[in-house]
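S.K.: Take a look and give me a structure for this.
(one chain, ligands or ions: 1)
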Amino acid sequence: ARRIWLTRHGQSEFNLVERIGGDSNLAPAGEVYARCLPDMLIGRLPLTDDEQCVPVSVWTSTLRRTIQTARYLPFPKLRWKALDEIQAGTCDGLTYEDIARQSPDEFAARSKDKLRYRYPAGESYMDVIQRLEPVIIEMEREKECIVVVGHQAVLRAILGYFMAKPLASIPTLDVPLHTLIELRPRPDGTMDFDYIPLP
Ligand code: G3H
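M.R.: Numbers count the residues shown, from 1 in each chain. Alright, predicted model coming up:
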């Protein structure tokens, strides 16, 4: 049966200093995750009826940290702009502490309604959910197994869709770093899932 795997990029240099957005490289721990990812995945690939490995394609965003995380996976890759992380607009490159200090009203507005809050000159979770629609349509249409190497906000939206979660819960869904999430379609159309941590 077909599988979909979701994973965040490995820890990035910006994650280390708690800055949001940007286009930084992987930090050393993120590089370790990238190197372990092929083994975490290869043991889980289903076989076809004649015992061949099923075809797999790897989808990343256009940002360095997802491309670097996927680079040791021995499968064809596709880059989607629609998989890029939520645009933080004027807050790009700041820490949450910076935002709370420099723009307390923005910080408060986001805490009040994280789903609808739109960063100045950036996006809201609702915007991200909307721009992911073509990706999700393609994920459902695709016959091959897919590995999506994405970002926290984007993966919350994809996971929320496949797990049929209420919209309001999407901005706080748990998508930990260095963890592969395996989705398996059930015959009734719903999904079974597992969190597979870095060994
Ligand atoms: O800005 C990027 C973060 O991965 C999104 O996290 O929506 O919880 O602030 P957040």
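
S.K.: Going by neighbour count, list what's buried in stretch 133-150.
M.R.: Judged by neighbour count (16 or more other C-beta atoms under 10 Å), stretch 133-150 contains these buried residues: Val135, Met139, Cys145, Ile146, Val147, Val148, Val149, Gly150. All C-beta spots, glycine's among them, are computed from the backbone N, C-alpha and C.

S.K.: Among these, which ones are in strands?
M.R.: Judged by DSSP state E, strands contain the following of the buried residues of stretch 133-150: Cys145, Ile146, Val147, Val148, Val149, Gly150.

S.K.: Any idea what the second one is bridged to?
M.R.: Meaning Ile146. Beta-bridge partners for Ile146, by DSSP bridges, are Ile4, Ser57.

S.K.: quick one on the thing from earlier: wait, which of the ones in strands among the buried residues of stretch 133-150 is closest to His9?
M.R.: Among those, Val149 lies closest to His9 (C-beta to C-beta), at 6.1 Å.

S.K.: contacting residues for that closest one?
M.R.: By C-beta atoms under 8 Å, 6 or more residues apart in numbering, the contact list for Val149 reads Thr7, Arg8, His9, Val58, Trp59, Thr60, Ser61, Thr66, Thr69, Ala70.

S.K.: how about the nearest residue to the first one, chain neighbours excluded?
M.R.: Once flanking residues are discounted, Thr7 sits nearest to Leu180: 5.0 Å by C-beta to C-beta, 6 or more residues apart in numbering.

S.K.: My guess is that neighbour contacts Phe193. True?
M.R.: No: look at Leu180 against Phe193 with C-beta atoms under 8 Å: they stay out of range, at 10.7 Å.

S.K.: how about the ones in strands among the buried residues of stretch 133-150, which pair is most distant?
M.R.: Farthest-apart pair in those is Cys145 and Gly150; separation 15.9 Å (C-beta to C-beta).

S.K.: hang on, the earlier thing: next step: the contacts of Val149 restricted to helices.
M.R.: Among these, the residues falling in helices (DSSP state H) are Thr66, Thr69, Ala70.

S.K.: Most neighbours among these, which one?
M.R.: Thr66 (30 neighbours; other C-beta atoms under 10 Å).

S.K.: Surely that one and His9 touch.
M.R.: Yes: at 4.6 Å, Thr66 and His9 qualify as touching, with contact defined as C-beta under 8 Å.

S.K.: what is in contact with those two at once?
M.R.: Shared contacts of Thr66 and His9, defined by C-beta under 8 Å, 6+ apart, comprise Val149, Gly150, His151.

S.K.: how close does the first one sit to Met126?
M.R.: Val149 sits 23 Å away from Met126 when distances are taken as C-beta to C-beta, to the nearest Å.

S.K.: Just list the residues touching the residue in the chain that the ligand sits nearest to, thanks.
M.R.: Nearest to the ligand, among the residues of the chain, is Gln152, at 3.2 Å (C-beta to the nearest ligand atom). Gln152 makes contact with Arg8, Glu85, Val175, according to C-beta under 8 Å, 6+ apart.

S.K.: quick one: the closest residue in space to Glu106 that isn't next to it in sequence and Ile20, what's the gap?
M.R.: Nearest residue to Glu106, sequence neighbours excluded (C-beta to C-beta, 6+ apart): Ile99, at 6.3 Å. Going from Ile99 to Ile20 by C-beta to C-beta gives 8 Å.
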